[in-house]
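A.B. asks: from the sequence below, what's the structure:
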Amino acid sequence: MRGRRRFRTAAAATAAALLCAGALAGCTAGEPAAKVPSARPVPKAEPLWDVSPASVAAVGDSVTRAFDACSVLADCPEVSWATGTDAAVNSLALRLLGPAKVATHSWNLARTGARMAELPEQMAGAAAEKPELVTVMMGANDACRPTPGLMTPVADFRASFETALARLRAGAPKAQVYVSSVPDLRHLWSTGRVSPVGVQVWKLGICGSMLADAEDLGPAAERRRAEVRDRVVAYNRVLEEVCAGDARCRYDGGAVFGFRFDGGQLSPWDWFHPSKDGQARLAELAYRRITKE
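C.D. replies: Reported below is the predicted structural model:
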């Protein structure tokens, strides 16, 4: 009998110990297992991306300045895809802010002819305005050089873009950034080369690395164009990678690079820059990406 009592006592202690293994610390053998308190609900963090920013600053090159969109060899910022006021284009700023606030809550700091090395300075200017959103469209001029050998090296392109984002963060740490991909320059060549006007205008020296000898379909010319296109692809990879490292940055996913501009969406004066219709298409692509939840 004593052996049986000892056995039952030992079995009970063992069972209690096993129950304690899954309970809170402080449970001892022979005591009932304590109940684990239910976890308190964790409040949801505020989203880092606001789909309705209240101010817009645009940096970049001739595309953002709407060069050759209204008249030959002239900027036309009122039809800019980013900050324009023309209702027919319906710019990004017009969609986000409404016509009453575009003039006072948007800034176009782009410069025709700018390359990526200039972006840090433009970003510093944008930061000074304390915008809620900054749009970036830069890189076409880094590839559009007189010859492929003069294109901006990819490492330099990356360093300038990283510096530009750092400048923005120093002055406007919470500003959101929308980064457009560089357009497919080879597609622009393939579209414009069928226009006698376009080919003649290109002979004046527009984007020589891609558009020189536009009618030449020989292997050397095709290799040159492929080299320029490969560089644009490399630039876009840099834009995507650097943007991915910033929680408040959105890359367009290659939307502008993949957009197939047709003749009506290119300037009738140079068959290279976007026309008013082309600017409207860029605004639409940006708005979709920026307002996506």
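A.B. asks: contacting residues around the nearest residue to A212 once chain neighbours are set aside?
C.D. replies: Leaving aside its chain neighbours, A212 sits nearest to W202 (7.5 Å; criterion: Cβ to Cβ, 6 or more residues apart in numbering). Glycine gets a C-beta too; all of them are placed from N, C-alpha and C. Shown in contact with W202 (Cβ atoms under 8 Å, 6 or more residues apart in numbering): 192, 211-212, 214, 270-272.
A.B. asks: burial of the nearest residue to S275 once chain neighbours are set aside, as a residue count?
C.D. replies: In space, and not counting its chain neighbours, S275 is closest to S267: 5.2 Å by Cβ to Cβ, 6+ apart. S267: 24 surrounding residues under other Cβ atoms under 10 Å.
A.B. asks: and S267, what does it touch?
C.D. replies: 68-69, 273-275, 278.
A.B. asks: include neighbour count, distance to H105 and secondary structure when you put the residues you listed into JSON lines, please.
C.D. replies: Below are the contacts of S267 laid out as JSON lines (neighbours: other Cβ atoms under 10 Å; distance: Cβ to Cβ, whole Å; DSSP: H, G, I helix; E, B strand; the rest coil):
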{"residue": "D68", "neighbour count": "26", "distance to H105": "27", "secondary structure": "coil"}
{"residue": "A69", "neighbour count": "30", "distance to H105": "23", "secondary structure": "coil"}
{"residue": "H273", "neighbour count": "25", "distance to H105": "26", "secondary structure": "coil"}
{"residue": "P274", "neighbour count": "27", "distance to H105": "24", "secondary structure": "strand"}
{"residue": "S275", "neighbour count": "22", "distance to H105": "26", "secondary structure": "coil"}
{"residue": "G278", "neighbour count": "24", "distance to H105": "25", "secondary structure": "helix"}
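A.B. asks: closest one of the residues you listed to V79?
C.D. replies: A69 (5.1 Å; Cβ to Cβ).
A.B. asks: model confidence for the closest one, exactly?
C.D. replies: For A69, the pLDDT comes out at 98.
A.B. asks: tell me how far it lies from E241.
C.D. replies: According to Cβ to Cβ, to the nearest Å, A69 and E241 sit 31 Å apart.
A.B. asks: give me the element V177 is part of.
C.D. replies: V177 belongs to strand 176-179 when elements are defined using DSSP states H and E.
A.B. asks: what's in contact with whatever helix or strand comes next after that strand?
C.D. replies: Under the assignment DSSP H and E, the closest C-terminal helix or strand after strand 176-179 is helix 185-192. With contact meaning Cβ under 8 Å, 6+ apart, helix 185-192 is reached by 140, 143-144, 198-199, 202, 207, 210-211, 214, 225-226, 228-229, 232, 260-263, 266, 271-272.
A.B. asks: partner strands of the helix or strand where R250 lies, with direction?
C.D. replies: Following DSSP H and E, one finds R250 within strand 249-251. With DSSP bridges as the test, strand 249-251 is paired with strand 176-179 (parallel).
A.B. asks: who touches the partner strand?
C.D. replies: 49-50, 53, 132-136, 165, 168, 239-240, 243, 246, 248-252, 286, 289-290.
A.B. asks: can you do 7 Å?
C.D. replies: For strand 176-179, contacts defined as Cβ atoms under 7 Å, 6 or more residues apart in numbering pick out 49-50, 53, 132-136, 168, 239, 243, 246, 248-252, 286, 289-290.
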